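Visitor: Return atomic coordinates for the entry below.
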Amino acid sequence: MRVLIIKMSALGDIIHALPVLDYLHHVSPGITVDWVVEAPFREVLEGNPLINQLHLVQTKLWRKKPLSSETWADIAAVKKQLREREYDIVFDIQGNLKSGLICWLSGSKNIFGFSKNELQENINQLFTTRQVPIHPQDIHITDQYLRLVSTPFDKNFEELDLTSDIFTLPEDDRAAQARVAPLSSGPKILFHQGTTWETKYWTDDRWIQLGKSLLNRFNDASILLSWGNDTEHSTATAIAAAIGPGAVVLDRYPLKGFAALLKRVDVVIGGDTGPVHIAAAVGTPTVSLYRASNGRRSGPRGKRHVVIQAPMECTACFRTKCSRDHECRESITAAAVLDGVEKILTCSIK
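Guide: Numbers count the residues shown, from 1 in each chain. Down below sits the predicted model:
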């Protein structure tokens with residue numbers, strides 16, 4: 001059997017979808033699985049032995065220049081690649097217009113997508129041949145993806161212990177090991193304070209308070225601060241300086257290099273942001289802070305992860321701006337995060 005997964009973006013959503021690979025290979029040994037992904041996110045999937053072929057697309061460029069000859073040539077090339085594969089089943093777990101276009105380009109007559117209530121964009125249902133409703137218990141986004149993919153198979157995904165990984169290169173592993181080797185022998189704790197929405201941030205003061213508390217609690221610990229852009233770098237530098245000795249700002253890494261580094265730290269702390277999801281995917285414990293988004297829906301799961309939801313009556317509002325933003329940030333205390341880290345590190349020591 002040859003199947004196609006359409007999950008093109010964004011980084012965190014692709015990571016949440018990784019367990020579908022393990023599921024498909026469990027229920028159909030010998031299955032061939034291909035995946036369509038936006039080119040900027042290819043590193044999440046490259047090198048994964050559960051994927052036979054990656055199809056790279058650049059839909060942002062297509063939208064910017066919809067009438068250009070380059071766009072039409074690119075679309076034609078993708079169409080040719082997909083139709084040559086003659087997929088038995090296509091799974092559209094993206095659920096919007098752009099993924100619907102990929103469904104059509106595939107030429108498949110057997111396309112599973114979400115039902116209307118679960119779609120990002122309702123027009124998607126015009127491109128799928130079977131619409132799958134999610135179940136009330138499918139709160140987490142990974143369970144929603146698995147619900148759709150499991151529909152053609154006679155095996156409940158809830159009965160399986162599914163895993164995921166982001167496969168790194170030997171040179172990435174060597175570089176990561178060289179970076180952590182000089183650190184003290186105590187816990188290696190990574191902070192990532194940056195994120196996308198301002199309603200997902202924590203306060204700089206709380207990061208500083210947490211860092212000092214961790215170094216006091218684990219006096220041989222190392223705190224590493226990662227960043228994704230110039231603004232985050234400036235903030236991380238200021239936080240590290242305020243924490244003092246024991247806090248180090250990292251260089252910026254490509255995704256696979258960063259994943260290799262995350263495999264070598266003891267715990268990652270951050271908001272609803274890519275580095276936290278990458279850490280969970282590669283098996284590193286996390287403590288994650290959720291405010292505007294819902295930790296039950298997208299937070300890392302399992303005993304090795306602690307999800308802290310802001311204790312506000314309006315939490316998980318999914319607003320990108322809010323007049324009560326500062327109050328919401330302050331509602332998550334450094335003590336609560338410290339308790340989560342202690343829980344994880346104490347279990348690791350045992």
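Visitor: quick check: mean pLDDT across stretch 291-309?
Guide: Averaging pLDDT along stretch 291-309 yields 96.
Visitor: Ok, stretch 236-243 next?
Guide: Mean predicted confidence for stretch 236-243 is 98.
Visitor: just for the stretch 201-350 of the chain, where's the confidence low?
Guide: Within the stretch 201-350 of the chain, the ranges that satisfy pLDDT under 70 run 348-350.
Visitor: hmm, try it at 50
Guide: Residue ranges of the stretch 201-350 of the chain with pLDDT under 50: 350.
Visitor: In terms of helices and strands, where is His25?
Guide: helix 19-27 (DSSP states H and E).
Visitor: how far does that helix sit from the chain's center?
Guide: 18 Å (C-alpha atoms, centre = their mean, to the nearest Å).
Visitor: ditto for stretch 108-125
Guide: Counting by C-alpha atoms, centre = their mean, stretch 108-125 comes out at 22 Å from the chain centroid.
Visitor: in the stretch 251-350 of the chain, which spans are helices?
Guide: 255-262, 274-281, 295-298, 325-331, 334-349 (DSSP state H, counting those that start in this stretch).
Visitor: Quick one: closest of the ones you listed to Trp197.
Guide: helix 325-331 (9.8 Å; C-beta to C-beta). To be clear about C-beta, it is placed using only N, CA and C from the backbone, and glycine gets the same treatment.
Visitor: and the host helix or strand of Leu214, what other elements does it pack with?
Guide: Applying DSSP H and E as the criterion places Leu214 in helix 204-217. Secondary structure elements in contact with helix 204-217, counted by 3 or more C-beta pairs under 8 Å, 6 or more residues apart in numbering; DSSP states H and E, are strand 188-192, strand 222-225, helix 230-243, helix 334-349.
Visitor: Show me which residues of that helix are buried.
Guide: For helix 204-217, a neighbour-count test (16 or more other C-beta atoms under 10 Å) marks Arg206, Trp207, Ile208, Gln209, Leu210, Gly211, Lys212, Ser213, Leu214, Leu215 as buried.
Visitor: Columns distance to Gln137 on top of those, output as TSV?
Guide: Below are the buried residues of helix 204-217 laid out as TSV (distance: C-beta to C-beta, whole Å):
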residue	distance to Gln137
Arg206	34
Trp207	35
Ile208	40
Gln209	37
Leu210	34
Gly211	38
Lys212	41
Ser213	37
Leu214	36
Leu215	41
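Visitor: Now the two most distant members of these.
Guide: Arg206 and Leu215 (15.1 Å).
Visitor: Strands of the chain, residue ranges please.
Guide: Assigned by DSSP state E, the strands in the chain fall at 2-6, 32-38, 53-57, 89-92, 111-114, 130-132, 188-192, 222-225, 247-249, 267-270, 286-290, 305-309.
Visitor: Show me what the second one pairs with in its sheet, parallel or antiparallel.
Guide: When pairing is defined by DSSP bridges, strand 32-38 lines up against strand 2-6 (parallel), strand 53-57 (parallel).
Visitor: what's near enough to touch the closest residue to Ile239 other than its chain neighbours?
Guide: Nearest non-adjacent residue to Ile239, counting by C-beta to C-beta, 6 or more residues apart in numbering: Trp207, 5.0 Å away. Contact analysis of Trp207 by C-beta atoms under 8 Å, 6 or more residues apart in numbering lists Phe191, Gln193, Ile239.
Visitor: Out of the strands of the chain, flag the one nearest Lys79.
Guide: strand 53-57 (10.4 Å).
Visitor: related to what we said a few turns ago, which one, of the helices of the stretch 251-350 of the chain, ends up nearest to Asn124?
Guide: helix 295-298 (19.8 Å).
Visitor: mind checking the end-to-end distance for stretch 303-311?
Guide: 21 Å (C-alpha to C-alpha, to the nearest Å).
Visitor: re the thing from before, report the inter-axis angle for the helix holding Leu214 versus helix 334-349.
Guide: Relative orientation of helix 204-217 and helix 334-349, computed by axes from the mean of the first three to the mean of the last three C-alpha atoms, to 10 degrees: 40 degrees.
Visitor: Thanks a lot, see you next time.
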